[in-house]
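Visitor: Fold the following, please.
(chains A and B)
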Amino acid sequence: MRITQGTFSYLPDLTDADIAAQAAYALGQGWPCSVEFTDDPHPRNSYWEMWGLPMFDLADPAGVLYEVNECRKAYPDRYIRLNAYDARYGRQTTALQFIVQRPAEEPGFRLDRTETADRRVQYTLHPYALDRPEGDRYGAGR
Amino acid sequence: MTERPGFGMRQNGSPVDTSQAPATGEPFPPGPLPPETLAPDARVDLAKERADSQVDSVLDALDAELVGLAPVKTRIREIAALLLVDRVRARFGIDSGRPNLHMCFTGSPGTGKTSVAVRLAELLHRLGYIRKGHLVSVTRDDLVGQYVGHTAPKTKEVLKRAMGGVLFIDEAYYLYRAENERDYGQEAIEILLQVMENQRDDLVVVLAGYKDRMDSFFASNPGMSSRIAHHIDFPDYDPDELEAIGHLMMEREGYGLAPAAEPVFRDYLSRRRAQPRFANARSVRNAIERARLRHASRLLAAGTDVGRDDLTTLHPQDFLASRVFG
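Guide: Okay, the predicted model is just below:
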């Protein structure tokens, strides 16, 4: 099941040229970019791990793409996303965020139903990949 | 808070601002799409190409604002010509690969290495070789860290900031310290070499430093020397050029020399030139700064009415008080 979250998630995966163009747009708006990765892409997991510090004072998207590629090299089988943060007063939030890499195989989620009192049912999303320990969830070793 | 930014979307009720680039669809690198390949027998007007690239205004500014430096200007013109011809060749579909433009500027202090680097960035941007045309000027401190593991992220951050432009490393020979083999500078050099080789499309590296020290730097880092295509030597200025530089500086600051002060200024420069620690244009600047100080205190001491001429004219005594004449 293909995970969709962030901007452009219903489009086909972005190419490097697409990513660079989006980074160029973000830098043009004055939003510093940062790269994050995870192997727990649950929709409620907002805090992915940071790949280095946010990149300030960049003029050109080549630097952003360089870090994305470095992160891809280090974690070829995890989710990687690119954030652009708008630090202006009144906004101070992530302005743009999209996935730039996903594992080759995404097992998806199962729906857990828990019966509670009075025949009420609680629903939970459980990623199949989460049954394995961290760092071991996607990729060849699985 | 008077205005609430629209969270990246359009403001309440206001129409979409079409002047801003849309979030999608901007080609990379930004700019017009390359025109179709020309027929093999087509003719291209080089003069028109040259005018279109607006490269002449940068070259003219280089000629007008920098005195002397004939070998440097020649080399920069050659590079401009090469890039222009490469562009025309590309229109015929001839792929010639990207020329290597990493450079090394050597010369005495105050010979205009930094000034030329700024103009070079502008020139390469006009010719479409680099995307942004900004200059990031760094020294050893900005590249080399203070403890183990600090250097690589620091160097990479500087390199990322310089991408799309020119990275100017002033006094680059400090990166390598022969006397300390565990110096972190070596690590910075290795990262630099790697990026200079692999990301040639993204940035141009210019090393600058004094001639003799750069020579020994290259002797201990042969990989660096061979990756730099252009070694440009900045000659020392001769007395006439120094005088022209002095006049240019005074003109820019709204000063002029009294007729009697012209020979004194010339004499000052030739005496200062013979002294140790002469730093070419920088020494000329300092001489003028000190003359301005004496000029101002002379006017105040006289305490009389002053006119425009008094305020803008430097007299012989403003220079003669210098200890160069002592």
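
Visitor: Most remote residue from the middle of chain A, which is it?
Guide: What lies farthest from the middle of chain A is residue A:118; by CA atoms, centre = their mean that is 38.8 Å.

Visitor: First-to-last residue distance for stretch B:172-179?
Guide: End-to-end distance for stretch B:172-179: 16 Å, by CA to CA, to the nearest Å.

Visitor: Could you pick out the residues of chain A near chain B for me?
Guide: Selection of chain A residues close to chain B by CB under 8 Å from any CB of the partner chain yields A:7-8, A:17-18, A:20-22, A:24-25, A:28, A:52, A:55, A:57-64, A:66-67, A:86, A:88-91, A:93, A:95-96. Quick note: C-beta positions are derived from backbone N, CA and C, even for glycine.

Visitor: How about chain A: which residue is closest to chain B?
Guide: Using CB to the nearest CB, the single residue of chain A nearest to chain B is residue A:60, 2.5 Å away.

Visitor: shouldn't that residue be in contact with residue B:167?
Guide: No. Using CB atoms under 8 Å, residue A:60 and residue B:167 do not qualify as a contacting pair, with a distance of 11.7 Å.

Visitor: What is the burial count for residue B:142?
Guide: Close neighbours of residue B:142, defined as other CB atoms under 10 Å in any protein chain shown, add up to 16.

Visitor: neighbouring contacts of the helix or strand hosting it?
Guide: Assigned by DSSP states H and E, residue B:142 belongs to helix B:140-143. With CB atoms under 8 Å, 6 or more residues apart in numbering or on different chains as the test, helix B:140-143 has contacts from B:151, B:154-155, B:158, B:169, B:171, B:174-175, B:185, B:188, B:192.

Visitor: Which one of the residues you listed is nearest to residue B:47?
Guide: Residue B:47 lies nearest to residue B:169 out of those, by CB to CB, at 36.6 Å.

Visitor: how close does that closest one sit to chain A?
Guide: Separation of residue B:169 from chain A (CB to the nearest CB, to the nearest Å): 17 Å.

Visitor: picking up where we left off before, next, the residue nearest to the residue of chain A closest to chain B when sequence neighbours are not counted: secondary structure please.
Guide: Residue nearest to residue A:60 in three dimensions, not counting chain neighbours: residue B:164, with 2.5 Å by CB to CB, 6 or more residues apart in numbering or on different chains. Counting by DSSP: H, G, I helix; E, B strand; the rest coil, the backbone at residue B:164 sits in coil.

Visitor: Relative to residue B:191, how far out is residue B:164?
Guide: 18 Å (CB to CB, to the nearest Å).

Visitor: Which one of these two is surrounded by more residues?
Guide: Applying other CB under 10 Å to residue B:164 and residue B:191 shows that residue B:164 carries more neighbours, namely 25 against 18.

Visitor: Spell out which residues sit in contact with that one, please.
Guide: Residue B:164 touches A:59-63, B:130-134, B:202-203, counting by CB under 8 Å, 6+ apart.

Visitor: Thanks again, I'm all set now.
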